[in-house]
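> Here is a sequence together with a model predicted from it:
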Amino acid sequence: MITITDLRLKIKTLALMILAAFIIVIAVGCEKSQGAQSNGDSNRNDDSDRQESDNNDSGSDPEKEKETDDTKKDTDPKNKDSNSPDKDDSDTCANLDLKFDRQPSTIMLVVDHSASMNLQLGDTDTRWSLMVKTLMGTVDHPESGLVWSLEKQVNFGLVLFTAKPETCPMLQMVSPEIQNGREIAAIFKADDETYKGASPVPAGIDAAVQLLAEMEGPSKKVIVLATDGDPQTCDNLAVNDDAAAQAATVAAVENAYSAGISTFIVGMADAEDTAAFEYLQRVANAGLGLNPDGGENATFHQGLTEKSLVDAITQIITEEAQSCIYELNGKGITEGEESKGTVFLDDKALELNNAAYGWRLKSETEIELLGGACDDIQIGTHHLSADFPCEVIVILE
């Protein structure tokens with residue numbers, strides 16, 4: 001028989017066993033929880049290590065990635081800096097298509113204003129009035145004059161020269177410009193009575209050369225000298241057929257040619273005045289750079305009749321109005337190196353310094369077409385271009 005005391009002891013023992021079991025269960029649970037946390041941290045560390053390893057393997061480190069990108073830029077030809085000193089720009093000037101601007105011709109009309117220009121030529125005209133009519137037209141039809149008809153494409157200028165004992169030279173001048181007809185017409189008049197004086201031709205030529213020297217920009221420059229024969233100088237106005245004055249005229253024309261200015265002569269001497277024609281031929285030769293005293297003779301235009309005078313002036317001016325000088329836009333060609341390049345007219349290569357059909361380098365920034373090439377480009381639409389290697393191209397500021 002179980003006593004109360006025994007029963008209480010068993011209950012107490014059972015309670016202790018239950019408590020011990022409960023403590024054990026809690027302890028085991030805490031241990032598992034700590035183990036799981038430790039395993040999770042370990043796994044995360046392993047994953048992080050793997051991620052870092054992967055990042056290192058793939059080059060995703062920012063500093064290394066920047067270095068790699070920079071290396072690629074340096075080695076990739078597509079990313080080459082155009083200013084890089086090792087850039088190969090050998091193709092830069094290959095097939096360089098130089099652009100040209102045509103420059104208008106400049107024609108200085110140097111006209112004898114002396115008393116002998118009042119001599120009759122033709123039925124109703126004088127040498128003077130016929131010159132004015134040919135160049136400036138008439139009051140009713142000014143457009144028939146060469147200056148008015150060509151003023152938009154030619155820089156026309158004017159020097160009228162005469163002299164009196166008290167004033168030598170007497171010059172009236174208009175600087176050459178495009179559309180200069182109005183300024184020239186203001187002093188170049190058919191009814192002008194102020195031309196009665198001597199004929200200081202050298203002074204007239206020198207004045208024209210000075211005006212042309214003051215011009216800015218490239219242009220073909222020519223002088224058209226219209227005179228009726230014997231020149232004078234300011235030192236000896238009273239003497240006709242003066243050898244010193246003739247020599248001074250030839251020297252003035254030679255100086256003009258040295259300055260790049262050609263001179264064309266329209267002579268209006270009397271038909272029987274052989275000495276005057278010989279002198280004018282010498283001036284014509286000097287005007288085109290020929291020996292004044294012999295050998296090849298330049299064309300000498302004689303205005304012995306009304307028709308021959310008009311024809312002579314018309315021929316010279318219409319031919320010289322044709323400009324074959326072209327300026328390079330912002331570039332130049334090293335002088336002496338022009339043979340390394342080629343100039344093309346409508347894709348046809350022109351020969352350097354071929355006077356019959358070619359071109360020449362007039363200055364560092366100008367080329368001039370010669371002969372038939374000059375004639376061809378006057379009519380219709382044409383394309384002028386050039387190929388030059390880099391080393392002969394000059395870039396102008």
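Structure's in. What do you need? Keep in mind the model is a prediction, meaning the values are calculated, not measured. Numbers count the residues shown, from 1 in each chain.

> So residue 317 lies in a strand, does it not?
No - judged by DSSP: H, G, I helix; E, B strand; the rest coil, residue 317 forms no part of a strand; its state is helix.

> How much space separates it from residue 131?
12 Å (Cβ to Cβ, to the nearest Å). Backbone N, C-alpha and C define where each C-beta goes, glycine included.

> any chance you could map the helices in the protein?
For the chain, the helices defined by DSSP state H occupy 4-58, 62-75, 127-136, 146-150, 181-185, 201-213, 243-258, 274-287, 306-320, 371-377.

> Of those, which shows the lowest average pLDDT?
The weakest mean pLDDT among the helices of the chain belongs to helix 62-75, with a mean of 44.

> Now stretch 189-205: buried residues?
Of the residues in stretch 189-205, 195, 197-205 count as buried by neighbour count, 16 or more other Cβ atoms under 10 Å.

> For residue 309, state which of these is nearest.
Comparing those against residue 309 with Cβ to Cβ places residue 195 closest, at 16.4 Å.

> Check whether residue 180 really touches residue 153, as I assumed.
No - counting by Cβ atoms under 8 Å, residue 153 is not a contact partner of residue 180; they are 11.7 Å apart.

> Looking at those two now, which is surrounded by more residues?
Neighbour tally, residue 180 and residue 153, criterion other Cβ atoms under 10 Å: the higher count belongs to residue 180, 18 against 14.

> Quick check: the more buried one vs residue 106, distance?
In terms of Cβ to Cβ, residue 180 sits 10 Å off from residue 106.

> Please apply the same query to residue 339.
From residue 339 to residue 106 the distance is 29 Å (Cβ to Cβ).

> more crowded one of those two?
residue 106 (25 against 10).

> quick one: contacts for the residue lying closest to the more buried one once chain neighbours are set aside?
Setting aside the residues directly before and after it, residue 106 is nearest to residue 155 in space (Cβ to Cβ, 6 or more residues apart in numbering), at 4.0 Å. Residues near residue 155 by Cβ atoms under 8 Å, 6 or more residues apart in numbering: 104-107, 176-178, 180, 215, 219.

> In strands, which of these appear?
105-107, 176-177 (DSSP state E).

> Just give me the closest of those residues to residue 266.
residue 107 (12.5 Å).

> Could you pull up the residues touching the closest one?
154-157, 176, 222-224, 317, 320-321.

> neighbour-wise, which of these leads?
residue 156 (29 neighbours).

> Go ahead and confirm that one touches residue 188.
No - contact between residue 156 and residue 188 fails when scored by Cβ under 8 Å: they sit 10.4 Å apart.

> Tell me who's in contact with residue 162.
Taking Cβ under 8 Å, 6+ apart, one finds 112-115, 169-170, 194-200 in contact with residue 162.

> still on that earlier bit, of the contacts of residue 107, which belong to strands?
154-157, 176, 222-224.

> And stretch 339-351, how far out from the chain middle?
Taking Cα atoms, centre = their mean, to the nearest Å, one finds stretch 339-351 lying 18 Å from the centre of the chain it belongs to.

> Then stretch 139-158?
With Cα atoms, centre = their mean, you get 27 Å for stretch 139-158.

> same deal with stretch 106-115?
31 Å.

> and if you look at stretch 348-367?
With Cα atoms, centre = their mean, you get 16 Å for stretch 348-367.

> hmm, who's touching that stretch?
100, 103, 218, 325-328, 331-335, 338-339, 342-344, 368-373, 386, 394, 396.

> Can you show me the CA trace of it as PDB?
Only the C-alpha atoms of stretch 348-367 are listed here, as PDB (Å, rounded to 0.1, in the frame of the first residue of the first chain):
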ATOM      1  CA  LYS A 348      41.600  67.400-118.000                       C
ATOM      2  CA  ALA A 349      45.100  67.800-116.600                       C
ATOM      3  CA  LEU A 350      46.800  71.000-117.700                       C
ATOM      4  CA  GLU A 351      50.600  71.200-118.400                       C
ATOM      5  CA  LEU A 352      52.600  73.500-116.200                       C
ATOM      6  CA  ASN A 353      54.000  76.500-118.000                       C
ATOM      7  CA  ASN A 354      52.600  75.500-121.400                       C
ATOM      8  CA  ALA A 355      51.800  78.800-123.100                       C
ATOM      9  CA  ALA A 356      49.600  77.100-125.700                       C
ATOM     10  CA  TYR A 357      47.300  75.200-123.300                       C
ATOM     11  CA  GLY A 358      48.400  75.100-119.700                       C
ATOM     12  CA  TRP A 359      48.800  77.000-116.400                       C
ATOM     13  CA  ARG A 360      51.400  78.800-114.400                       C
ATOM     14  CA  LEU A 361      51.800  79.800-110.700                       C
ATOM     15  CA  LYS A 362      51.500  83.600-110.900                       C
ATOM     16  CA  SER A 363      52.100  84.000-107.100                       C
ATOM     17  CA  GLU A 364      51.800  81.900-104.000                       C
ATOM     18  CA  THR A 365      48.100  82.400-104.000                       C
ATOM     19  CA  GLU A 366      47.300  82.700-107.700                       C
ATOM     20  CA  ILE A 367      47.300  80.500-110.700                       C
END
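
> What average pLDDT does that stretch get?
Mean predicted confidence for stretch 348-367 is 93.

> Just the buried residues of it, please?
For stretch 348-367, using 16+ other Cβ under 10 Å, the buried residues are 350, 352, 357-362, 365-367.

> any shared contact partners between residue 180 and residue 106?
155, 157.

> Report the distance from stretch 166-175 to the chain centre.
Using Cα atoms, centre = their mean, the offset of stretch 166-175 from its chain centre is 35 Å.

> hey, what's residue 158 bridged with?
residue 109, residue 174 (DSSP bridges).

> actually residue 348, not the one I wrote
residue 345.

> returning to that earlier point: CSV please, covering the buried residues of stretch 189-205 and showing distance to residue 306.
Converted to CSV, the buried residues of stretch 189-205 look like this (distance: Cβ to Cβ, whole Å):
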residue, distance to residue 306
195, 19
197, 24
198, 25
199, 21
200, 27
201, 23
202, 28
203, 29
204, 24
205, 26
